[in-house]
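Asks: let's see this in three dimensions:
(one chain, ligands or ions: 3)
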Amino acid sequence: MTKAKIIYTKTDEAPALATYSFLPIVKSFTSAAGIEIETKDISLSGRILANFPENLSDDQKVGDALAELGALAKTPEANIIKLPNISASIPQLQAAIDELQAKGYAIPDYPAEPQNAEEEEIKARYAKVLGSAVNPVLREGNSDRRAPKAVKNYAKKHPHSMGAWSSSSKSHVASMSANDFYGSEKSVTVEKATDVKIELHKADGSVEVLKEKVALLDGEIIDASVMNMKALKAFFAEQVADAKETGVLFSLHMKATMMKVSDPIIFGAAVSVFYKDVFEKYSELFEELGVTPNNGIGDVYAKIKGHDKEAEVITALETVYTDAPDLAMVNSDEGITNLHVPSDVIIDASMPAMIRTSGQMWNKEGKQQDTKAIIPDRSYAGVYQATIDFCKQNGALDPTTMGSVSNVGLMAKKAEEYGSHDKTFQLASAGTVKVVDASGAVLIEQSVEEGDIFRMCQVKDLPIQDWVKLAVKRAKATQTPAVFWLDENRAHDAELIKKVNKYLGDHDTAGLELLIKAPVEATTFSFERIVKGLDTISVTGNVLRDYLTDLFPILEVGTSAKMLSIVPLMNGGGLFETGAGGSAPKHVQQFVKEGYLRWDSLGEFLALAVSLEHLGDTFNNPKAKVLAETLDVATSKFLDNDKSPARKIGSIDNRGSHFYLALYWAQELAAQDKDAELKAQFTELANELTTNEAKINEELIGAQGQPQQIGGYFLPEFDQASKAMRPSFTLNDALSQLV
Ligand SMILES: NC(=O)C1=CN([C@@H]2O[C@H](COP(=O)(O)OP(=O)(O)OC[C@H]3O[C@@H](n4cnc5c(N)ncnc54)[C@H](OP(=O)(O)O)[C@@H]3O)[C@@H](O)[C@H]2O)C=CC1
Ligand SMILES: O=C(O)CCC(=O)C(=O)O
Ligand SMILES: [Mg+2]
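Replies: Ligands and ions are numbered 1, 2, ... in the order given. The predicted structure follows:
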């Protein structure tokens, strides 16, 4: 039998920093039980390097860890702890390339506009690294995300602050009324497996093949929809005028990471409308400089630097602001606006953060202001408007009494919109896009105009069956109503509803409350229950999985970092995601500036416990089970004693929180009687950590307040970052006694 092994991923930014401190603890504890922890580098820099081996010297070459993990995820042995990673926008990719080149890695520049076949090839390789390139590869299963009871109890005891809501708040969500993806969606279920082709039939009669082949399986649902560019731009222009007139902040909320083809284009359309005069006046100059609105207004500032016309262009941009509405700010101190970088404001985290803050965002004075949250497509925007309506009517939610909404999400096999980027095209000419099957029959057709975005999505039948099964399992385990968030008026959802009804028949659902409601109705239903302290399971497609697992946790427990996030892989393995949030770039900035890391590793603790439990079950390893059980108790104690990182210098930060987890875990292992060997091994450590608690705290807190050297942003120097993240000699020494 293969040795019991857990894969721990090395990622980016705050979670990667946390790993320098937490992984040594994990390795010390697990090695005592004979469990191997292997790390795999799936960071942005690691993924870039893996794609350019021929540009690197032998000692610089790295393996393709992502491809290896993708293959592993399809096997029953998989046991992967996945930390959040950067889903890079083009500006982030460029910054990472610059850093790697400066460090002596001879990787090519990013060819934004390739001039020859070689550059086309380089661009294609970089495209593999862009956007949400990791999660869809590893997610060979559906998703089960929830706040564990201990976490809910913690929030009840230590409620996070919630901004008050006024019924006169002017904040709202603005969406198109027609000609969006929602309005144009068509969907079919194919009975038998077939290959389809996506073709553009142009007005002049010629045919361009947009995608040669998409293989479909028996019973697969496909859909196709179009975002009309003219209507989109007219909508943005109306919203600019309305925001100005009503005095609210203009704020666009997209998912340019997961939706890496469509959403940067939509973002770019907003930028080109907002800064219309500048983009029109300087179109030639921008063309020459390679400025594209899709990279945000930050691209203009970056590329104009040092140019003869720098001052003139900057003045022109500033002139825009005199007539324009105020923009929501990402960083008001540094003048970074909502339209600077497509990946700065990401809808899943940004909308709940706004709702938690009285429905307001930050203006250029650094003050809160009511906001027009622009979500052009209507498919899911109504969920946020319904939440805002609920808060306006009922006031802010109360974390000390509110119930919980967990999620069962359809995610496997790149389901739905989040798997659509290789079937998304911006059309260079008008015509009709046809999805044609192997027999030549047209399954779906959509008429398009020049500049429109066409998108085709797929969802396979087996993942749907597995998702329905998981929903029933969770409903049974918790005896909680489960609501399928599906809109019968949406073509795709209408197909899905047929399957849900069919596959629910495969299960014993006696006594369970299983409902189907359109997203807006489901939102109100869930909030009406939540204020009564009642729990509800949301059973959703892939996009709402993402949105709701930030929305509800951020309102309920202050952050999605405290979520348990399990992906039972369809072939029997386990993927354990840490939390449901991202890589928190601002945490790294704070750490580098003042030696304080406020990243909350609770997600890592929870993921490790379920990973150990899974390993205990699959490898019949009783020691792993003891580690899992004791870690669970330690985590509860950690929450009870409020040892999570605070926000300010002088309190426990991420490193201090790791110490407390180690302390409580060692104490629990020393206290248990199921495994005498573990008891003996950990008694000494527990004593040592207990005795030295004050000293270790002194060493950890004493290290705060200074700028830190970590030797890089995308590729920190191991020794420097490790030293910065492990400043307690006493703790390091105690841990080293174990191995
Ligand atoms: N699974 C993955 O791999 C994911 C990756 N990402 C990536 O992360 C980056 C940032 O995305 P963004 O949309 O800003 O989302 P984030 O979740 O990183 O940030 C939003 C906010 O959530 C809070 N937060 C999230 N996790 C933690 C944590 N562990 N400890 C403390 N606070 C936390 C912080 O809010 P506050 O200041 O209010 O406490 C943070 O500023 C992007 O590159 C994105 O692609 C995003 C989501 C998931
Ligand atoms: O993969 C990504 O880009 C983000 C994923 C995400 O937000 C989530 O899974 O909740
Ligand atoms: Mg998310």
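Asks: only C-alpha atoms from now on, for both contacts and neighbour counts.
Replies: OK.
Asks: which SSE is the closest residue to ligand 2 within the stretch 501-650 of the chain in?
Replies: Nearest residue of the stretch 501-650 of the chain to ligand 2 (Cα to the nearest ligand atom) works out as Asp546 at 4.3 Å. Using DSSP states H and E, the element containing Asp546 is helix 542-557.
Asks: and for Trp165?
Replies: Using DSSP H and E, Trp165 falls outside every helix and strand.
Asks: all helices of the stretch 551-700 of the chain, in order?
Replies: 585-594, 602-618, 622-640, 654-671, 676-691, 693-702 (DSSP state H, counting those that start in this stretch).
Asks: how about the CA coordinates for the helix or strand just after the last one, as CSV?
Replies: Downstream of helix 693-702, the next assigned helix or strand under DSSP H and E is helix 718-725. Listed in CSV are the C-alpha atoms of helix 718-725, where the atom choice follows Å, rounded to 0.1, in the frame of the first residue of the first chain:
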residue,chain,number,x,y,z
PHE,A,718,12.8,31.0,1.3
ASP,A,719,15.4,31.8,4.0
GLN,A,720,14.3,35.4,4.4
ALA,A,721,10.6,34.8,4.5
SER,A,722,11.0,31.8,6.7
LYS,A,723,13.1,33.9,9.2
ALA,A,724,10.5,36.6,9.1
MET,A,725,7.7,34.2,9.7
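Asks: hmm, who's touching helix 718-725?
Replies: Leu17, Ala18, Tyr20, Ser21, Arg655, Gln708, Gln709, Ile710, Gly711 (Cα atoms under 8 Å, 6 or more residues apart in numbering).
Asks: surely Thr75 touches Gly574?
Replies: No - Thr75 is beyond contact range of Gly574, at 9.5 Å (criterion: Cα atoms under 8 Å).
Asks: between those two, which is the more surrounded one?
Replies: Gly574 (28 against 17; other Cα atoms under 10 Å).
Asks: correct me, but the more buried one touches Lys74?
Replies: No - in this structure, Gly574 is not within contact of Lys74 by Cα under 8 Å, at 9.9 Å.
Asks: got the contact list for Leu210?
Replies: Residues in contact with Leu210 (Cα under 8 Å, 6+ apart) are Lys197, Ile198, Glu199, Leu200, Phe425.
Asks: for ligand 1, state which of the residues you listed is nearest.
Replies: For the contacts of Leu210, the nearest to ligand 1 is Phe425 (21.7 Å; Cα to the nearest ligand atom).
Asks: what helix or strand is that closest one on?
Replies: strand 424-426.
Asks: mind listing the strands that strand pairs with, and their directions?
Replies: With DSSP bridges as the test, strand 424-426 is paired with strand 453-459 (antiparallel).
Asks: could you report the distance from Glu488 to Arg545?
Replies: Separation of Glu488 from Arg545 (Cα to Cα, to the nearest Å) stands at 18 Å.
Asks: ok, now Asn697?
Replies: 39 Å.
Asks: rebuild the contacts of Leu210 as JSON lines, extending it with neighbour count and pLDDT.
Replies: Below are the contacts of Leu210 laid out as JSON lines (neighbours: other Cα atoms under 10 Å; pLDDT from 0 to 100):
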{"residue": "Lys197", "neighbour count": "18", "pLDDT": "98"}
{"residue": "Ile198", "neighbour count": "22", "pLDDT": "98"}
{"residue": "Glu199", "neighbour count": "19", "pLDDT": "98"}
{"residue": "Leu200", "neighbour count": "25", "pLDDT": "98"}
{"residue": "Phe425", "neighbour count": "19", "pLDDT": "98"}
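Asks: flag every residue of the chain that's near ligand 1.
Replies: 84-88, 257, 346, 349, 559-561, 580-584, 599-601 (Cα under 6 Å from any ligand atom).
Asks: hmm, Lys5 is touching Glu36, no?
Replies: Yes - counting by Cα under 8 Å, Lys5 touches Glu36, with 4.8 Å between them.
Asks: follow-up on the earlier one: Glu488 and Arg545: which is more packed in?
Replies: Between Glu488 and Arg545, counted using other Cα under 10 Å, the more crowded position is Arg545 (25 against 16).
Asks: show me what contacts the nearest residue to that one once chain neighbours are set aside?
Replies: Nearest residue to Arg545 in three dimensions, chain neighbours excluded: Gly409, at 4.9 Å (Cα to Cα, 6 or more residues apart in numbering). For Gly409, the contacting residues are Asn142, Ser143, Asp144, Trp467, Val539, Thr540, Gly541, Asn542, Leu544, Arg545, by Cα under 8 Å, 6+ apart.
Asks: can we see that at 10 Å?
Replies: By Cα atoms under 10 Å, 6 or more residues apart in numbering, the contact list for Gly409 reads 141-145, 464, 467-468, 470-471, 484, 538-546, 548-549, 567.
Asks: next one: Glu495
Replies: With Cα under 10 Å, 6+ apart, Glu495 has these contacts: Ser187, Val188, Thr189, Glu220, Ile221, Ile222, Asp223, Leu486, Glu488.
Asks: then Leu700?
Replies: Neighbour list for Leu700: 650-656, 659, 694, 725-731 [criterion: Cα under 10 Å, 6+ apart].
Asks: appreciated, that's everything.
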